[in-house]
Structure formats: C-alpha cells, structure tokens
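Chemist: Need coordinates for the following:
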Amino acid sequence: MQPALIDSCRNLLAELGIISLDDTIVAYPLAGGVASDIAMVQFGKRKLCVKFALPKLKVQADWYAPVHRNNAEYAWLEVVSKVSPTSAVKLFGQSQRLHGFAMEFLEGDDVYLWKTALLAEAPGRSEASKVGALIGRVQAASTSAKFDTKSFQNSDDFKAIRIEPYLLHTAKAHNEIAPALHNIAEQLYGSDHVLCHGDVSPKNIFLRGGCPVILDAECATMGDASFDPAFCINHLVLKAAHLPHSANRCLAEANQFWQSYYPFVTWESVADLNTRICRLLPALMLARVDGKSPVEYLSATEQDIIRSIAVQLIRSPISPLDKLLHHLGEQFLSMSKL
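Modeler: Got it, this is the predicted structure:
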C-alpha cells in the first residue's frame with residue numbers, strides 16, 4: 001500500500017460523499033495502464049475502483065498529457081451506460097478538482113480480461129464480434145442530432161495522447177514514410193464526426209457474463225470513426241504475429257470485429273471508412289514498435305517482422321480490410337519460416 005495513494009483515495013471518496021475522512025480504508029494499486037494511478041479501495045465490506053489521471057505517463061519516453069482527460073473518460077462511461085447498459089460499469093462520481101473518479105470494482109467468476117485470454121490462446125467466445133458491435137452502437141449514437149458533444153471537444157488532448165506519441169513520434173524514426181504518417185495524423189486531427197474511445201485494446205476490455213465492458217477511455221473525443229476499429233484490429237494483428245499457432249484465429253477475429261461493427265455505420269460510406277481503416281492500420285502497427293508506447297510482448301524478431309510489413313503497407317496500402325488481413329496472414333506465415 002502507498003500512503004500517498006491512500007490519501008488520494010480517501011480524499012476522493014470523501015468528496016464524493018461515499019466515506020468520511022475519518023473512515024479506515026485500504027488501497028491496493030492495480031496494474032494495467034501507463035496513464036493513470038488505479039487502485040482497488042476497500043472499506044468495510046465494500047470494494048470500489050478509483051482512477052486518477054497522471055500528468056506524465058509511466059513510459060520511458062517523455063510523454064505528458066492534460067489531467068482533465070479524466071472528465072472525458074467518465075463522460076464516455078456515462079454514454080455507454082445509456083447506449084448499452086449490460087456493458088456499463090456502475091459509476092459513483094467524479095472530481096474535477098482531484099482529476100479522479102470512482103466506479104465499481106469488476107470481479108467474479110464470469111469476469112475475465114480479453115488480453116489475458118488472447119495471450120493464453122484460450123478458445124474464443126465471440127469477444128471480437130461483441131466488441132465491434134458495442135463500438136458501432138456507441139459511434140452511431142454519437143451521430144444523433146440530440147447527442148451532447150460538449151464533454152468530447154478534446155482534439156488537442158487526442159493529439160497529445162494518441163497522434164503525437166503514435167504517429168508523429170514514429171515518423172521521426174522513418175523519414176521515408178514520414179509524409180504519409182503526417183497526412184494520416186492531419187486527417188485524424190481534423191475530424192470530429194463520431195465519438196471515439198481512443199484505446200479500444202484487449203487490455204482495457206473485460207468480459208462480464210459474456211458482455212464486453214470497455215474501460216480506460218481517457219482519449220475520448222469527437223473524431224474519426226476509423227480510429228477505434230483500426231486500434232482494436234491492430235491489437236489482434238499484433239497477437240497474430242506473436243502467436244503463430246493462433247495467427248489465423250486472431251486475423252479471423254479481426255474480420256469478425258469489422259463484420260459486427262460496420263452494420264451500424266450510417267453516417268458515411270462504409271467503403272470510405274473501410275479504406276481509411278486500411279490506411280491507418282499499418283501506421284498503428286508500426287507505432288506499437290517504434291512509437292512512445294511499444295507493446296511489451298513482441299520479441300525483437302517479431303518487432304522486425306511488424307516493422308517490415310507495416311512500412312511496406314504504408315508505402316503501398318491494401319484494401320479492403322478482408323484483403324489486407326489475408327495479406328497479413330500470408331506475410332506472417334512466410335516470415336515465420338525464415
């Protein structure tokens with residue numbers, strides 16, 4: 001237990017009227033993120049999860065982000081509670097002064113983390129399809145004329161948390177494709193059509209009773225619809241490179257995500273959105289190798305494979321998505337034999 005974290009948790013829960021400052025609590029830090037302090041707090045027979053945004057992220061590179069992003073995350077979770085209650089966590093309040101909020105602590109025999117299941121190569125339970133449908137529903141709801149976008153005017157925050165560390169930082173290491181990465185970055189920054197979560201990663205997705213619960217929406221903004229699908233599909237692609245025995249399954253799940261997601265797309269041409277996803281996907285692949293937040297499970301050899309394939313696809317994009325995924329499967333199989 002960390003005294004400073006306990007004090008922060010106590011102050012937050014007291015401000016929210018959940019406890020008094022005199023109450024005894026215990027707080028256990030939780031792993032899983034680089035952008036926030038997260039803890040499970042116990043008092044009496046109750047358990048809650050609390051989260052505080054950090055000004056400097058816990059990565060090797062210098063990476064700073066505004067702490068008011070905590071507001072956007074809480075607002076995204078509130079949207080989900082209205083759009084898909086079975087995929088929502090209970091919320092207990094948010095403090096703009098402390099840049100933190102409290103929510104239910106997810107646990108139980110029917111709760112598991114999607115990333116853990118993928119890396120363990122556990123049998124699939126339609127997770128990708130369910131996540132794709134949920135993202136589609138949220139994005140579709142955000143295009144309604146009645147949707148309140150005030151909490152999600154966060155394009156500058158999104159640039160600081162996603163565009164700069166993923167695309168612009170990566171461009172510095174790859175001069176030959178830097179113009180293409182800058183073009184993608186400009187397109188993302190200039191779009192505000194739908195609500196984007198910004199971190200649809202298996203590490204942030206729990207399944208509870210078979211329903212996906214997506215957390216860690218610190219990057220939430222009105223943005224480009226391509227980002228969330230490409231971000232999630234990218235993680236499945238990276239798992240395919242890392243797990244040769246599950247490569248075909250991971251790539252099939254990437255396609256299942258798209259098949260469940262695209263029927264909700266009514267705000268633009270599905271074909272146009274598909275093309276942008278195919279353009280963004282290799283940029284995100286490269287970013288998880290040479291950006292500020294490389295994934296931790298890829299070996300040096302796997303990083304080289306991802307880097308080689310991604311650079312070529314950025315130079316010569318392939319679409320639509322099913323064709324791109326087939327190409328990736330062939331490339332992974334070919335390079336694994338070298």
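
Chemist: Can you name the element that comes right after the longest helix along the chain?
Modeler: Taking DSSP state H as the criterion, the chain has its longest helix at helix 270-290. Using DSSP states H and E, the helix or strand that follows helix 270-290 in sequence is helix 300-315.

Chemist: Report how many residues lie close to Leu298.
Modeler: 18 (other CB atoms under 10 Å). All C-beta atoms are positioned from the backbone trio N, CA, C, and that covers glycine.

Chemist: Quick check: chain neighbours aside, which residue is closest to it?
Modeler: Excluding its sequence neighbours, the residue lying closest to Leu298 (CB to CB, 6 or more residues apart in numbering) is His242, at 5.9 Å.

Chemist: ok, that neighbour - contacts?
Modeler: Tyr297, Leu298, Ser299, Glu302 (CB atoms under 8 Å, 6 or more residues apart in numbering).

Chemist: Distance to Asn234 and pLDDT added to those residues, as JSON lines?
Modeler: As requested, the contacts of His242 are exported to JSON lines (distance: CB to CB, whole Å; pLDDT from 0 to 100):
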{"residue": "Tyr297", "distance to Asn234": "14", "pLDDT": "95"}
{"residue": "Leu298", "distance to Asn234": "12", "pLDDT": "96"}
{"residue": "Ser299", "distance to Asn234": "18", "pLDDT": "95"}
{"residue": "Glu302", "distance to Asn234": "14", "pLDDT": "95"}
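
Chemist: which one of these has the most neighbours?
Modeler: Most crowded among these, counting by other CB under 10 Å, is Glu302 at 20 neighbours.

Chemist: any idea which helix or strand comes after the strand or helix carrying Ser81?
Modeler: Counting by DSSP H and E, the element that carries Ser81 is helix 69-83. Sequence order places strand 91-95 as the next helix or strand after helix 69-83, per DSSP H and E.

Chemist: Could you look up the SS state of Gln42?
Modeler: strand (DSSP: H, G, I helix; E, B strand; the rest coil).

Chemist: Surely it and Ile25 touch.
Modeler: Yes - Gln42 is within contact range of Ile25, at 6.6 Å (criterion: CB atoms under 8 Å).

Chemist: which one of these two has more residues nearby?
Modeler: Per other CB under 10 Å, whichever of Gln42 and Ile25 has more neighbours is Ile25, with 20 against 15.

Chemist: Spatially nearest residue to that one, not counting backbone neighbours?
Modeler: Nearest non-adjacent residue to Ile25 (CB to CB, 6+ apart): Phe43, at 4.4 Å.

Chemist: didn't that neighbour look like it was pressed against Ala27?
Modeler: No - taking contacts as CB under 8 Å, Phe43 lies outside contact range of Ala27: 9.5 Å.

Chemist: Looking at those two, which is more packed in?
Modeler: Ala27 (24 against 17).

Chemist: what are the bridge partners for the more buried one, then?
Modeler: Under DSSP bridges, the beta-bridge partners of Ala27 are Val41.

Chemist: low-confidence ranges in the stretch 201-338 of the chain?
Modeler: For the stretch 201-338 of the chain, residues meeting the criterion pLDDT under 70 lie at 336-338.

Chemist: switch the cut-off to 90
Modeler: 218, 293, 333-338 (pLDDT under 90).

Chemist: Report the contact partners of the residue nearest to Ile25.
Modeler: So Phe43 contacts Leu13, Ile19, Asp23, Thr24, Ile25, Val26 (CB under 8 Å, 6+ apart).

Chemist: Who wins on neighbours among these?
Modeler: That'd be Leu13 among those, by other CB under 10 Å, with 26 neighbours.

Chemist: check which helix or strand covers the closest residue to it other than its chain neighbours.
Modeler: Excluding the flanking residues, the one nearest Leu13 by CB to CB, 6+ apart is Ile19, at 4.6 Å. In the assignment (DSSP H and E), Ile19 maps to no helix and no strand.

Chemist: Just to check, Ile19 is in contact with Ile25?
Modeler: Yes - with contact defined as CB under 8 Å, Ile19 counts as touching Ile25 (6.7 Å).

Chemist: re earlier: between the contacts of Phe43, which sits nearest Tyr189?
Modeler: Nearest to Tyr189, judged by CB to CB, of the contacts of Phe43 is Leu13 at 36.9 Å.

Chemist: Could you list every helix and strand in contact with the helix or strand that the closest one is a member of?
Modeler: Element membership for Leu13 (DSSP H and E) is helix 3-15. Using 3 or more CB pairs under 8 Å, 6 or more residues apart in numbering; DSSP states H and E, the elements in contact with helix 3-15 are strand 26-29, strand 36-43, strand 46-53, strand 100-104.
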